[in-house]
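Chemist: need a structure here:
(one chain, ligands or ions: 1)
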Amino acid sequence: MVGVLQTETYLYDPDLLLKLDFHQSPAKFNPFISAACPGETWLKVRPLKDGDYDRGFLQLLSQLTHVGPVSRTLFLTRFSQMKASGDYFVTVIEDTRKNEIIGAASLVIERKFIHNCAIRGRLEDVVVNDTYRGKQLGKLIVVTVSLLAQYLGCYKMSLDCKDKLIKFYESLGYVLIPGNSNSMTIRYDESPAVKNNLTAFKRPTPLANTPTAVNVAAGVTADAGDNCQTVSLEFNS
Ligand SMILES: CC(=O)SCCNC(=O)CCNC(=O)[C@H](O)C(C)(C)COP(=O)(O)OP(=O)(O)OC[C@H]1O[C@@H](n2cnc3c(N)ncnc32)[C@H](O)[C@@H]1OP(=O)(O)O
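Modeler: Numbering: from 1, shown residues only. Below is the predicted model of the structure:
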């Protein structure tokens, strides 16, 4: 029987990553690395592929937050939706020795009417496999998607993070803007069943199970305290 070589699909054009100038980033890499040359022959920085379902992509994301039992069909449907929109730049680091995804970060483009119909970027879902941390891969994946945002014409990029990560993002050029860096949230997934699956997360104690006006108000302020800050990166136009 002749084997059929099944080609995989990239979420976005991988050549985009070769056009990024890592010397433009304020991040200090020692030794210097970039998306094109990540420092080891077995490391590859590239767009997400549909085949990454079998390379532990979702297992990696579960080191960041609750993922749930995402079936292959559900994954592929979401992948197709993201690709069709053209606004999702999920970027990964693969350990090609193991055929395993060990780092990820997403740039999501938001289309605006303001600033003459400008676009801005949001940095989401940053994670490095815990056995690979402390080797510059977090910096590498964040700088990659941040430079990509700039290359694509975003006027700024922002992210929400816990207080303990502010220094990490500051070292990559992100700033807390005094008086304008609060992150506010209303959660719609606080049913008891969902909450039971989320016990690993730090939840503010005032949040009750039902979305009364008082509880929603509590939810709004919950993540804005010691838990979350918004930091942003402005690009010179
Ligand atoms: C927008 C968002 O998605 S926020 C969510 C961020 N993700 C998470 O919290 C998931 C769990 N954490 C991780 O996956 C990783 O710890 C990451 C992605 C935060 C960092 O990945 P790493 O590969 O370890 O980072 P890297 O080796 O590039 O470290 C860069 C610097 O940040 C520092 N740093 C890394 N992680 C942390 C942390 N959790 N707290 C404080 N400092 C940190 C390192 O000490 C290092 O400092 P140095 O350059 O002075 O030596």
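Chemist: dihedrals phi and psi, Ile186?
Modeler: Dihedral angles of Ile186 (phi, psi; degrees, to the nearest 10) stand at phi -120, psi 130.
Chemist: how close does it get to the ligand?
Modeler: Using CB to the nearest ligand atom, to the nearest Å, Ile186 is found at 19 Å from the ligand. In this view, the C-beta of every residue, glycine as well, is placed from N, C-alpha and C.
Chemist: roughly how far is the helix ranked longest in the chain from the heart of the chain?
Modeler: Counting by DSSP state H, the longest helix found in the chain is helix 137-152. From the chain centre to the centre of helix 137-152 is a distance of 10 Å (CA atoms, centre = their mean, to the nearest Å).
Chemist: now for that helix, which elements pack on it?
Modeler: When contacts are defined as 3 or more CB pairs under 8 Å, 6 or more residues apart in numbering; DSSP states H and E, helix 137-152 sits against strand 43-47, strand 88-95, strand 100-111, strand 119-128, strand 156-161.
Chemist: give me that answer again for 10 Å
Modeler: With contacts taken as 3 or more CB pairs under 10 Å, 6 or more residues apart in numbering; DSSP states H and E, helix 137-152 sits against strand 43-47, strand 88-95, strand 100-111, strand 119-128, strand 156-161, helix 166-170, strand 229-234.
Chemist: how about the residues of the chain near the ligand?
Modeler: By the rule CB under 6 Å from any ligand atom, the part of the chain lying against the ligand is 64, 123-128, 133-139, 159, 161, 164-165, 167-168.
Chemist: again, only using 5 Å
Modeler: By CB under 5 Å from any ligand atom, the residues of the chain that approach the ligand are 64, 126-128, 133-134, 136-139, 159, 161, 164, 168.
Chemist: any chance of these in CSV, plus pLDDT and neighbour count?
Modeler: Shown next, in CSV, are the residues of the chain next to the ligand (pLDDT from 0 to 100; neighbours: other CB atoms under 10 Å):
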residue, pLDDT, neighbour count
Leu64, 98, 13
Val126, 98, 19
Val127, 98, 19
Val128, 98, 24
Arg133, 98, 14
Gly134, 98, 8
Gln136, 98, 20
Leu137, 98, 20
Gly138, 98, 21
Lys139, 98, 18
Leu159, 98, 23
Cys161, 97, 18
Lys164, 97, 8
Phe168, 98, 15
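Chemist: of all those, which comes closest to the ligand?
Modeler: Gly138 (2.3 Å; CB to the nearest ligand atom).
Chemist: what about the closest one, distance to Ala105?
Modeler: For Gly138, the distance to Ala105 equals 9 Å [CB to CB, to the nearest Å].
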